[in-house]
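Enquirer: A predicted structure for the sequence below; I have some questions about it.
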Amino acid sequence: MKTRFLLLAGLFCECLIIPAWYAFHSVSVCVLLHLFFVCLSGAKLYLFLKKKKGTGEPRAFYLYVFAIAVFFPAAGFAMAACIIVGLKKFGETAKKEIYEEYEEYIEAEKTSYRERESLSVILRKIRGEVSFKPFIDIIKGENVEEKEKVVQKLATMNSRMSVQLLKEALRDASAEVRFYAAGALLKTEEEMNSRIHASLERLKRRGGAVDYLSLGDLYRTYAEIGLIEKSLGWHYLELSCQAYQESLDIDTDQPAAIISYAENLIALARYDKAKSLLDKAVRLWPHDTQMLFLRSRVCFQLGLIREVPACLYGIKRTGLDPRRREVFDLWTERSQDTKI
């Protein structure tokens, strides 16, 4: 707060330069005001850089911007402010994109390492393939400010991976790391509850198919993200199913909603209802790969083994990922062997 007062006082002096010139027509008064600005803002900059020492902040950049403000009274400050705001905005956008790409990357890559190494080892292994510091290393590091930023970021991600990272940090030997991780988990839960509440409010005002779909997605995320107990997770999956059903009652032309609804029913082991839903949906979308795979899975769970290959015949093998292609080949080859 004290350093902020120094900056505000300096800016006030700088802003008085032009009015002082029109009032007194005195260069001395303007120079004096500018010197006050230089001294006060210089003290603020010194304390700021001292606080940021060892954090990797670009010290030379701040000194360069300060020099612009010093050598160009009034106009220099405006130029410096524009430069700082512009670069800060660009930096936040770039960092956000990098971290989002990183989260998607580790979500895709972690499966192959899961059986051999712990999550923290996985994250450090992947760090060698990407060019910046991963969240787990920041949380376990010594820089308090970086930890606070990571906590804020993880608390707003609302993903299974972010919760896994925080739960890993809860087992850390450092009490400080456990404290930050617990705070982030609480923030994540608060954020999810806030989003659900906002979705319910929108539903009261509009009540459209999209609103019910959004609510169903939020309930499902909350159930699967890893924040709540399994029994409570089932309750939220039930609420999600109800929301999807309401959405489909308003607009039946929503294959994505049907797929999410069916996945919820499978997670709740309500295979008969899932099969009934998918049987109707496949008639409308006979070449939807995800629906056909879900239908084959439901048939397998119900013991309808002979129907599994028939569910897969509408799928084009060339468009499948390696894992699904392996399942497709297994069942179609078995079907051909049975016929022979």
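Expert: Alright, I've got the coordinates. Numbers count the residues shown, from 1 in each chain.
Enquirer: burial count for residue 200?
Expert: 12 (other C-beta atoms under 10 Å). Every C-beta, even on glycine, is put in place using the N, C-alpha and C of the backbone.
Enquirer: ok, the residue nearest to it when sequence neighbours are not counted - contacts?
Expert: Once flanking residues are discounted, residue 200 sits nearest to residue 215: 6.8 Å by C-beta to C-beta, 6 or more residues apart in numbering. By C-beta atoms under 8 Å, 6 or more residues apart in numbering, the contact list for residue 215 reads 196, 199-200, 203, 243.
Enquirer: flag the shaky bits of the stretch 151-300 of the chain, pLDDT-wise.
Expert: Scanning the stretch 151-300 of the chain for pLDDT under 70 picks out the ranges 151-152, 155-156, 172-174, 177.
Enquirer: rerun at 50
Expert: Applying pLDDT under 50 to the stretch 151-300 of the chain flags no residue at all.
Enquirer: and the helices in it, which stretches?
Expert: 160-170, 175-205, 209-224, 230-250, 255-267, 271-284, 289-301 (DSSP state H, counting those that start in this stretch).
Enquirer: so which elements touch the longest one?
Expert: When contacts are defined as 3 or more C-beta pairs under 8 Å, 6 or more residues apart in numbering; DSSP states H and E, helix 175-205 sits against helix 135-139, helix 144-157, helix 160-170, helix 209-224.
Enquirer: follow-up on the earlier one: where's the residue nearest to residue 200 relative to residue 283, distance?
Expert: Computed as C-beta to C-beta, to the nearest Å, the residue 215 to residue 283 distance reads 27 Å.
Enquirer: same check on residue 217?
Expert: Taken as C-beta to C-beta, the span from residue 217 to residue 283 is 25 Å.
Enquirer: likewise for residue 257?
Expert: Taking C-beta to C-beta, one finds residue 257 at 16 Å from residue 283.
Enquirer: who has more neighbours out of these two?
Expert: Each of residue 257 and residue 283 has its neighbours counted (other C-beta under 10 Å); residue 257 has more, 23 against 8.
Enquirer: OK, contacts around that one?
Expert: Taking C-beta under 8 Å, 6+ apart as the test, what residue 257 contacts is 213, 216, 244, 247-248.
Enquirer: quick one: pLDDT of residue 150?
Expert: Residue 150 is assigned 68 on the pLDDT scale.
Enquirer: oh sorry, the question was meant for residue 336
Expert: 47.
Enquirer: shift numbering so it begins at 787
Expert: From this message on, residue numbering opens at 787, which makes the last subject residue 1122.
Enquirer: number of nearby residues for the closest residue to residue 997 other than its chain neighbours?
Expert: Ranked by C-beta to C-beta, 6+ apart and with sequence neighbours excluded, the top spatial neighbour of residue 997 is residue 989, at 4.7 Å. By other C-beta under 10 Å, 16 other residues sit near residue 989.
Enquirer: many thanks, I have nothing further to ask.
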